[in-house]
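Chemist: sequence below, structure please.
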Amino acid sequence: MSVLIFVVYFVLVSFLITKIPFFKKSGLSTYWLIGLFSLKIAAGIAYGLFYSQPQYAEGSDTWRFFEASRTETDWLLRDPLAFFKDLFFYGYKESGSLFLANDSYWNDLKSNLVIKLMAAFNALTLKNYYADIIFFNFLFLFGPVALYRVAREKVNPHNIILVLFVFCIPSFLFWCSGMHKDGLIFTAVSLIAFYFDRWLTKKSFSLTGILVSLVSICLLFAFRNFVLLLLLPALLTWWLCERMPARKTLAVVEVYILCLALFFAARHVNPALDFPRYVVSKQNEFKALGGHSQIMLPALEPSFGGFLKFFPAAADIAFLRPHVTETANLAYLPAIGENIVVYLLLLYALFRFFFNRSEKFSASAASFVIFCYCFAITNLILSGYTVTLTGAIVRYRSFVLPLLLVPLSNLIHIKKKRHNLNRA
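Modeler: Presented below is the predicted three-dimensional model:
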């Protein structure tokens, strides 16, 4: 019965994907769309199987959420109104901090949303975990397709390379296809960028775009609010670079110096905006998790000098972990290999960019590339300051890897003849 449910929903959702205009306008053929959707489902199944192993099951959020969702499904079918109203109640005296995990409604909300979403899908799949993966990845697919559509217009890529960089980066595929919030976070970021580009370059407004952007902003706020805080200056930078194409470097420097000043000075205006202390507290939460992949780190002080002193360690965590010397843990080997390939691709693309003048970006493409790198690098650096587990940094880094590699897709060639994935 479970296999039949899975097959039926896979066929129905695959058919639906081929009929939705957002996917049809991507330039990807029906076969490519269904193939990439199937790949994400396979990765989601691998994610579920991996975390069902005895050594990982106890600390597995995805299976813990699913077990909680089974009871929630019964509640949904019995009293739908109470089921949805429950999202807006909490058992604490106050709602708690937006940025800390202890006794906080906002921290609980990110888990509750995933559980509620699983519960809703359970009502369709008869509480079948692997059939739920189909519906999660239907939502997840909007993210990479949105990024693919923007990049295809901006950077004039070799399409097969662009598909690989958007959909097929191994860690991104694994973490953003499993039943968790990572895929939803990436989808929200990509949809905001997609409709922002439509407004910025085509002056195109639509009710759909406004509603999707608002929902995406709410999801980011609920799931990982610091990602939303990092997205806003990256979008501002994109806008300024479009408006002042001759002063792009100045725009980037001015925006991020201002952000850095606000980060350290906001607490003097309102003690509740003590962002450095929140970062230190977040790091302490990771340290409290224990685990075999904890990294020995110097103390991080909540001051400008303390953050500056910690920066080499943060950069090491964000960009270099796991180290090539950490091969004793076999689980790190895929991440180590991926790091090596990513940096080789970056070096090759930089070589082509600086030594082949025909490979230069247009003004509009350059603004998009600047947005990608501003958002990706600031996310990586913040993760370096907060994440203290080698295993965890692989996950937190994964969702920005497409943004690092997509701008390179027209600089990397596998054949002289361009591949064309468009319909005939």
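Chemist: poorly predicted segments of the stretch 251-400 of the chain, please.
Modeler: 291, 327-328, 356-360 (pLDDT under 70).
Chemist: please apply the same query to the stretch 1-150 of the chain.
Modeler: For the stretch 1-150 of the chain, the stretches flagged by pLDDT under 70 are 96-97, 100-101.
Chemist: that one: helices as residue ranges?
Modeler: Along the stretch 1-150 of the chain, the stretches classed as helices by DSSP state H, counting those that start in this stretch are 2-17, 21-24, 30-50, 54-57, 61-78, 80-85, 105-125, 129-154.
Chemist: out of those, flag the one nearest residue 208.
Modeler: helix 21-24 (9.1 Å; CB to CB). In this view, the C-beta of every residue, glycine as well, is placed from N, C-alpha and C.
Chemist: can you redo the helices of the stretch 1-150 of the chain as CSV with mean neighbour count?
Modeler: Below are the helices of the stretch 1-150 of the chain laid out as CSV (neighbours: other CB atoms under 10 Å):
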stretch, mean neighbour count
helix 2-17, 14
helix 21-24, 14
helix 30-50, 18
helix 54-57, 10
helix 61-78, 16
helix 80-85, 12
helix 105-125, 19
helix 129-154, 23
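Chemist: the closest residue to residue 386 other than its chain neighbours: neighbouring residues, count only.
Modeler: Sequence neighbours aside, residue 282 is the residue nearest to residue 386 in space, at 4.4 Å (criterion: CB to CB, 6 or more residues apart in numbering). Counted by other CB atoms under 10 Å, the residues lying close to residue 282 total 19.
Chemist: looking at it, residue 282 is touching residue 384, isn't it?
Modeler: No - using CB atoms under 8 Å, residue 282 is not in contact with residue 384, being 11.9 Å away.
Chemist: list the contacts of residue 301.
Modeler: Residue 301 makes contact with 280, 307, 309, 310, according to CB atoms under 8 Å, 6 or more residues apart in numbering.
Chemist: residue 121 versus that one, what's the distance?
Modeler: 45 Å (CB to CB, to the nearest Å).
Chemist: cool, residue 282 as well?
Modeler: Following CB to CB, the distance that separates residue 282 from residue 121 is 30 Å.
Chemist: same thing with residue 33?
Modeler: 21 Å.
Chemist: can you check residue 48 too?
Modeler: Distance from residue 48 to residue 121, by CB to CB: 14 Å.
Chemist: what do you get for residue 348?
Modeler: 42 Å.
Chemist: do the same with residue 307
Modeler: From residue 307 across to residue 121, the span is 42 Å (CB to CB).
Chemist: ditto for residue 247
Modeler: Relative to residue 121, residue 247 is positioned 48 Å away (CB to CB).
Chemist: returning to what we had before: of the contacts of residue 301, buried ones?
Modeler: Neighbour-count burial (16 or more other CB atoms under 10 Å) is assigned, among those, to 280, 307, 310.
Chemist: residue 411 belongs to a strand, doesn't it?
Modeler: No - looking at residue 411 with DSSP: H, G, I helix; E, B strand; the rest coil, it is coil, so not inside a strand.
Chemist: chain neighbours aside, what residue packs nearest to it?
Modeler: Per CB to CB, 6+ apart, closest to residue 411 is residue 349, 4.1 Å.
Chemist: ok, and for the particular helix or strand that has that neighbour in it, which residues are buried?
Modeler: Element membership for residue 349 (DSSP states H and E) is helix 333-355. If you call a residue buried by 16+ other CB under 10 Å, then helix 333-355 has these buried ones: 335, 336, 338, 339, 342, 345, 349, 352, 353.
Chemist: packing partners of it?
Modeler: Under the contact criterion of 3 or more CB pairs under 8 Å, 6 or more residues apart in numbering; DSSP states H and E, helix 333-355 touches helix 170-175, helix 401-405.
Chemist: need these in a markdown table with mean pLDDT and mean neighbour count, can you?
Modeler: Below are the helices and strands packed on helix 333-355 laid out as a markdown table (pLDDT from 0 to 100; neighbours: other CB atoms under 10 Å):
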| stretch | mean pLDDT | mean neighbour count |
| --- | --- | --- |
| helix 170-175 | 96 | 20 |
| helix 401-405 | 94 | 24 |
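Chemist: closest one to residue 159 among those helices?
Modeler: Across the helices and strands packed on helix 333-355, residue 159 has its closest neighbour in helix 401-405 (14.4 Å, CB to CB).
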